[in-house]
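>>> Sequence and predicted structure, then a few things I'm wondering about:
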Amino acid sequence: MKKVLIIGQNSYLASDFKLNSDSIYVEKIKRPFETNFEKYNEYDWIINFCIQQEHFNRLLSDDEMIDYNIAKYIKNDKTKFIFLSSRKVYGSCSELKIYSENSELKPFDFYSKNKCNIEQKLSETLNSNQLVILRTGNIIGKPSNKNSYSTFIGWLESELKTNGKITCTINKESKKDFITKDYFQETLTKIIETNLFGTYNVGAGFALTTKELLCSILPEKYIEYSPKETESEQFILNCTKINSYVRKFTQKELMDECKTLGKMLLN
């Protein structure tokens, strides 16, 4: 039985979190241990879902990096750490780009620069076979009912509650890579079961336009496109590496999830 510690149980991705395996035992805590740091060494896997708002506003010092502060207390060779990085480390481009794990890193804001810095600190702290870095695309799942979640679905929920419709200022033809929370959790399960290590993109490997995605979730009468549309970054993640271990995500399951989310949002 593999013992997994989930840190940040109330975060968007960790809420209703499950690993679908009888060989995995999951324990959840709200925040990192403030004492009893040796307990980290009791787990086979550690995943930190805590989000630092400072990520978005300034560069973090080493001492402020939650993931690094967890990793430096891992004193054995068996405990593995999964770091949730971001596809934003590859940069931002208005042209459609396909990024692989070997693509040049071009962090462009505080968030992506902090993610790159944390990746580096973790690589210096842990053995290579103890670290998994996941560069994820956009992840959608059921509404959170928490206004503090800065997610795509959180934005839709807030717009509907406030205005009764969505006013989209993003270029409606811009293309992005989306997966579901269920597929993300399935991927984490496979990573743990297969005992992987290294850096992986986690995404769909295909993209929808903003308009296609919105219209898959809501009837068009609830969607308004602002004349002040901004150019938006576009991206697709090459997921060939992780798909050697995890099945490919399909457009059908994305569409099915969008229909379900639309019903939940309108209710």
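Thanks, I have it. Residues are numbered from 1 along each chain as shown.

>>> how far away is the residue lying closest to Asp177 once chain neighbours are set aside from Phe33?
Distances taken as C-beta to C-beta, 6 or more residues apart in numbering place Gly137 nearest to Asp177, at 3.9 Å, with adjacent residues excluded. Heads up, the C-betas are built off the backbone N, CA and C, glycines and all. Going from Gly137 to Phe33 by C-beta to C-beta, to the nearest Å gives 31 Å.

>>> Can you tell me who the spatially closest residue to Tyr90 that is not a sequence neighbour pairs with across the strands?
Spatially, and ignoring its direct neighbours in sequence, Tyr90 is nearest to Tyr99 (4.3 Å; C-beta to C-beta, 6+ apart). Applying DSSP bridges to Tyr99 gives these bridge partners: Leu237.

>>> Could I get the contacting residues of Tyr99?
Taking C-beta atoms under 8 Å, 6 or more residues apart in numbering, we find Tyr99 in contact with 87, 90, 135, 201, 235-238.

>>> and what of Asn20?
Per C-beta under 8 Å, 6+ apart, neighbours of Asn20: 185-186, 189.

>>> could you redo the last one with a cut-off of 6 Å?
Going by C-beta atoms under 6 Å, 6 or more residues apart in numbering, Asn20 touches Thr189.

>>> burial of Arg247, as a residue count?
For Arg247, the neighbour count with other C-beta atoms under 10 Å is 10.

>>> Check whether it sits in a helix, strand or coil.
coil (DSSP: H, G, I helix; E, B strand; the rest coil).

>>> That one and Glu34, how far apart?
Arg247 is 39 Å from Glu34, by C-beta to C-beta.

>>> if I read this right, Tyr225 contacts Thr167, doesn't it?
No. If you go by C-beta atoms under 6 Å, Tyr225 and Thr167 don't touch, sitting 7.9 Å apart.

>>> circling back to that earlier point, show me the one in the contacts of Tyr99 that has more neighbours than the rest.
Counting neighbours by other C-beta under 10 Å, the top entry in the contacts of Tyr99 is Leu237, with 29 neighbours.

>>> follow-up on the earlier one: let me know the pLDDT of the residue nearest to Asp177.
pLDDT, Gly137: 89.

>>> quick one: it and Leu237 touch, right?
Yes. When contacts are counted by C-beta under 6 Å, Gly137 is listed as touching Leu237 (5.2 Å).

>>> Need the residues touching each of the two.
87, 177, 203.

>>> For the second one, grab phi and psi.
Recorded main-chain torsions at Asp177 are phi -100, psi 120, according to degrees, to the nearest 10.

>>> what's the burial count for it?
Counted with other C-beta under 10 Å, Asp177 comes out at 25.

>>> what residue ranges in the stretch 1-150 of the chain score low on pLDDT?
The stretch 1-150 of the chain contains residues with pLDDT under 70 at 143-150.

>>> what are the ranges of the strands in it?
Assigned by DSSP state E, counting those that start in this stretch, the stretch 1-150 of the chain shows strands spanning 2-7, 24-29, 45-48, 80-84, 97-99, 131-136, 138-140.

>>> Can you verify Lys259 is assigned to a strand?
No. Applying three-state DSSP, one finds Lys259 to be helix, outside a strand.
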